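In: This is the structure alone, sequence omitted:
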């Protein structure tokens, strides 16, 4: 059995199919782990969501910011953005089934010595803490208060973690880290505005995986979300968002106990910045 982790697809279904052909993916033998952002901005979000759901136990995905955005729109707690390409899902006859499946996807997955997330972890969290906090959000997402959660999910504060945080502020901070963060300062304050490559940020900020003393530094972490970072492999962290949507590549990483294996396919430009 092979486990392949795959970076952000964002509705680029044709690129996903070409990548799976290159991997010689066998749904009976192999598993796919997706870093989130299955949908949005690309041309075939509906097809992508149906395909991944249809793989059953052969695939899992963590929730990315675009996936959460879709759920918030469906819950009528957020308006679509100008460049969203989510109408096909929202208007589909199986929309309710697809959205319920997505709502029950995790924010963090930990298996076989690997941790799968969409964005980042603040330096104060070790992996057991991150798992525990992800479960807190997932419980609300899967429960009767999910619509209220989506109405309170957006916002950039609070700006630093404390176990004393409660209620919607606590859940918002957890989501902002796991689904949105790229940079933070040395004290673990997330910056949710900077999206450029490392080296373009203000001097006070660091990529989340480079903060000294990060408590998750002994873990092997796979993440997406950061297309300007490109493929990244250092200090046990592997960034797989290689800009498929922007004409880059769609990347897969085979997760083994020994050396990892990278495979990528080139992607046509589906969206230009701006």
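Out: Perfect, thanks for sending it. Every value quoted in this text rests on a predicted model; they were computed, and no experiment measured them.

In: center of this structure, which residue is that?
Out: By Cα atoms, centre = their mean, the chain has its centre lying nearest to residue 118, at 2.5 Å.

In: Tell me the secondary structure at residue 88.
Out: helix (DSSP: H, G, I helix; E, B strand; the rest coil).

In: Quick one: the strands in the protein, in order.
Out: 3-6, 31-34, 59-61, 109-111, 114-116, 183-185, 190-191, 205-207, 220-223, 232-234, 237-239, 249-254, 261-266 (DSSP state E).

In: nearest to residue 144, of those?
Out: For residue 144, the closest of the strands of the chain is strand 59-61, at 23.6 Å, according to Cβ to Cβ. C-beta: built from backbone N, CA, C; applies to glycine.

In: Can you list the neighbours in contact with that closest one?
Out: Strand 59-61 has contacts (Cβ atoms under 8 Å, 6 or more residues apart in numbering) with 27, 31-36, 38, 52, 67, 105-106, 109, 116.

In: Can you list the strands that it pairs with?
Out: Sheet pairing here is set by DSSP bridges, and for strand 59-61 it gives strand 31-34 (parallel).

In: Contacts for the partner strand next, please.
Out: By Cβ under 8 Å, 6+ apart, strand 31-34 touches 1-6, 9, 25, 52, 55, 58-62, 109, 114, 116, 222, 255.

In: Also stretch 229-241?
Out: 5-8, 35, 37, 182, 197-198, 207, 209-210, 217-227, 242-243, 248, 251-253, 260, 262, 264.

In: Just the buried ones among the residues you listed, please.
Out: Among these, the ones that count as buried by 16 or more other Cβ atoms under 10 Å are 5-8, 35, 37, 182, 198, 207, 209-210, 219-227, 242-243, 248, 251-253, 264.

In: re earlier: which stretch among the strands of the chain comes nearest residue 91?
Out: Of these, nearest to residue 91 by Cβ to Cβ is strand 59-61, at 22.0 Å.

In: What residues sit buried inside the closest one?
Out: 59, 60, 61.

In: nearest residue to the last one other than its sequence neighbours?
Out: Residue nearest to residue 61 in three dimensions, not counting chain neighbours: residue 34, with 3.7 Å by Cβ to Cβ, 6 or more residues apart in numbering.

In: try residue 147
Out: Nearest to residue 147 is residue 75, by Cβ to Cβ, 6+ apart, at 4.6 Å.

In: That neighbour: what's it in contact with?
Out: 146, 147, 150.

In: how much space is there between the second one and residue 173?
Out: Just to be clear, that refers to residue 147. 20 Å (Cβ to Cβ, to the nearest Å).

In: which of those two has more neighbours?
Out: Shown here are residue 147 and residue 173; by other Cβ atoms under 10 Å, residue 173 has more neighbours (23 against 13).

In: quick revisit: how much space between the residue nearest to the centre of the chain and residue 179?
Out: In terms of Cβ to Cβ, residue 118 sits 5 Å off from residue 179.

In: List the buried residues of stretch 37-54.
Out: 37-53.

In: what's it in contact with?
Out: Counting by Cβ under 8 Å, 6+ apart, 8-14, 16, 32, 34, 59, 61, 64-67, 69-70, 83-86, 88-89, 92, 94, 98, 101-102, 118, 224-225, 241, 244-245, 270-271 sit against stretch 37-54.

In: again, but for stretch 1-8
Out: With Cβ under 8 Å, 6+ apart as the criterion, stretch 1-8 contacts 16, 19, 23, 25, 29-37, 64, 112, 114, 116, 222, 224-225, 227, 238-242, 244-245, 250-256, 263.

In: So what's the residue count around residue 230?
Out: 15.

In: Okay, now the unreliable bits of this structure?
Out: For the chain, the stretches with pLDDT under 70 are 257-259, 272-274.

In: Helices of that one, residue ranges please.
Out: Along the chain, counting by DSSP state H, helices occupy 13-23, 45-54, 65-74, 87-90, 95-103, 127-141, 146-152, 167-180.

In: Packed most tightly, which of those helices would that be?
Out: helix 65-74 (a mean of 23; mean count of other Cβ atoms under 10 Å).
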